[in-house]
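S.K.: can't give you the sequence, but here's the structure:
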Ligand SMILES: CC(=O)SCCNC(=O)CCNC(=O)[C@H](O)C(C)(C)COP(=O)(O)OP(=O)(O)OC[C@H]1O[C@@H](n2cnc3c(N)ncnc32)[C@H](O)[C@@H]1OP(=O)(O)O
Ligand SMILES: O=CC(=O)O
Ligand SMILES: [Mg+2]
């Protein structure tokens, strides 16, 4: 089915919402097929059952932050040692996803979904998180697209190229990544309060797709999910209960739903066993979400001036703390019988410069070889053009074996300590680092405000996670007046220096994108928001949460049934 959302009309129709549910987003006949009374009722049930647990989990995050801000550092929890030492394993991996050597990721955009499912990757992770700007239009179209994808009818007509996109016979297995626990969905009010974003994403997708998915994609299992940005196993426990609730509603076997958890916050690295334990009937592994992990390192240590990061480009997987995290994740997953997934290299193909392209591809190749040699069972690709390289690296090493769960135990990683996981990354800080953070942060935010959650900038993939690093690193350097020791200039970062950098980088952005695009885009607004966040007395928890209101579009006429 080709997606044609209706043109704007005055509010003549309303969604058929159950009691206590108010939909404040634009009405569209196509969206109404997703926002059915029954589906909204399911989301409302999830919200009512779990909102107290979510609220408590978010309060615990704030409490942990207060402790870290008073000098504490994260570590293993002595009270859950029995879980780490225990001899349990997770439910066995469903055959449909035993081989996940290459997974492509991307926003829930129609053409990209088709391209990703056809890409030759084993898995496609359709993203409501880092790669999506969660506007009402993006979210609802995303659900329509996913439903069409699961029932196999999705098509897309690119009129400018007169090209029709449709699914191949063989497609990647679909995983869906709902938003993190922290993000609200302001367009759906339940009992007068914004719904929890991830419960909306999960609830709508599950409700409409579980039956078809299990018949086709999952061979009796599924649907499959990726779970982002958790900080503690209590958050995994909520997901486990949500899954059980959904299975009960659908009348499907417990353990049908499976999820891979991104380990992408510093506190969570100390909870990997505990997270798998909570989800032991519903998990298919952990993934190294390296970009958010770096962001989380800065955020966790925001009050620790002795733990400042070097330039963003120097914080790679070769740093001791990153290598330790990836090695320990592999050991943990393989001990528990599930996949240890690698992460995303930021390089993307460079079309107009063969030499630079070869260098970028070589960096991706090296990253993937490091991952497979370390024992990872699969990896992420940002772009279809990277799949052959990722495949080659993993197949070259694993051959026909679907994964390395049984063959690479990494017992040596048992010796990894808290100090290894927290070791301060080495490297210099430069004015160019400050400039790049600023240039990238502003351009990313400008794109996000206008509906794009992942963009190519300076030949790298940028999304919410990578932009967060730029933001918090600038904040940290300004807050502590760090010396830029890599330039030989000995300059300290101050608000005044940052102000000059912002001005100059805005001029550069205008030159690079052209006057017309600059004027029509939201660069000035983005600049204001980014500057405010980088110079705020208190570090905002999330960039996208702080600016979310700017993309909320409440439908003007009150369509409430309350
Ligand atoms: C930190 C993390 O969370 S990582 C996970 C979240 N981030 C992501 O998922 C990023 C995914 N990648 C992307 O969004 C894109 O590749 C970008 C923004 C980085 C680059 O996009 P573009 O510059 O538009 O790519 P480009 O023009 O080279 O695309 C060429 C073709 O590949 C397709 N393509 C590019 N990336 C993807 C993808 N990830 N999935 C599916 N198709 C893709 C394009 O749709 C285009 O198709 P077409 O030839 O049929 O028109
Ligand atoms: O979600 C992935 C990450 O690296 O962040
Ligand atoms: Mg992430």
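M.R.: On my side now, so go ahead. The structure displayed is predicted, hence computed values, not measured ones. Numbering: from 1, shown residues only. Ligands and ions are numbered 1, 2, ... in the order given.
S.K.: what does the chain put close to ligand 3?
M.R.: With Cβ under 5 Å from the ion as the criterion, the chain meets ligand 3 at residues 130, 264, 289, 292, 465. C-beta: built from backbone N, CA, C; applies to glycine.
S.K.: what is the most widely separated pair among those?
M.R.: Longest distance between any two of the residues of the chain next to ligand 3 is 9.2 Å, between 130 and 264; criterion Cβ to Cβ.
S.K.: so what sits against both of these two?
M.R.: Residues touching both residue 130 and residue 264 (Cβ atoms under 8 Å, 6 or more residues apart in numbering) are 228, 291, 292, 465.
S.K.: of the residues of the chain next to ligand 3, just say which sits nearest to residue 211.
M.R.: Closest to residue 211, out of all of the residues of the chain next to ligand 3 and judged by Cβ to Cβ, is residue 130, at 28.8 Å.
S.K.: and the pLDDT for residue 343?
M.R.: Looking at residue 343, its pLDDT stands at 98.
S.K.: tell me which element it falls in.
M.R.: In the assignment (DSSP states H and E), residue 343 maps to strand 340-344.
S.K.: just checking, next helix/strand downstream of that strand?
M.R.: Next along from strand 340-344, by DSSP H and E: helix 354-374.
S.K.: identify each buried residue in that following helix, please.
M.R.: 357, 360, 361, 364, 365, 367, 368, 369, 370, 371, 372, 374 (16 or more other Cβ atoms under 10 Å).
S.K.: and the angle from that helix to strand 340-344?
M.R.: Orientation check (axes from the mean of the first three to the mean of the last three Cα atoms, to 10 degrees): helix 354-374 against strand 340-344 gives 160 degrees.
S.K.: any weak-confidence spans in the stretch 401-550 of the chain?
M.R.: Along the stretch 401-550 of the chain, no part satisfies pLDDT under 70.
S.K.: the stretch 201-350 of the chain against ligand 1: which residues are in contact?
M.R.: Within the stretch 201-350 of the chain, the positions adjacent to ligand 1 are 291, 344, 348 by Cβ under 6 Å from any ligand atom.
S.K.: and which of the residues you listed is nearest to ligand 3?
M.R.: residue 291 (5.8 Å; Cβ to the ion).
S.K.: for residue 58, see how far away that closest one is.
M.R.: 22 Å (Cβ to Cβ, to the nearest Å).
S.K.: could you chop this structure up by domain?
M.R.: 41-343+354-422, 431-551 (automatic domain parsing).
S.K.: among those, which is the most enclosed?
M.R.: Each of the domains of the chain was scored by mean neighbour count; the highest is domain 41-343+354-422, a mean of 20, by mean count of other Cβ atoms under 10 Å.
S.K.: that one vs ligand 2: in contact?
M.R.: Yes. Interface with ligand 2: domain 41-343+354-422 contributes 130, 262, 264, 289, 290, 291, 292, 343 (Cβ under 6 Å from any ligand atom).
S.K.: and those residues as CSV, adding secondary structure?
M.R.: CSV is the format used below for the residues of domain 41-343+354-422 next to ligand 2 (DSSP: H, G, I helix; E, B strand; the rest coil):
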residue, secondary structure
130, coil
262, strand
264, coil
289, coil
290, helix
291, helix
292, helix
343, strand
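S.K.: now the residues of the stretch 201-350 of the chain next to ligand 1 in CSV, with distance to residue 551?
M.R.: Shown next, in CSV, are those (distance: Cβ to Cβ, whole Å):
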residue, distance to residue 551
291, 21
344, 24
348, 25
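S.K.: part of a strand, is residue 461?
M.R.: Yes. Counting by three-state DSSP, residue 461 is found in a strand.
S.K.: how close does it sit to ligand 3?
M.R.: 12 Å (Cβ to the ion, to the nearest Å).
S.K.: which ones are touching the residue lying closest to that residue once chain neighbours are set aside?
M.R.: Distances taken as Cβ to Cβ, 6 or more residues apart in numbering put residue 382 closest to residue 461, at 4.3 Å, once the chain neighbours are dropped. Counting by Cβ under 8 Å, 6+ apart, residue 382 makes contact with 104, 105, 106, 344, 345, 346, 348, 461.
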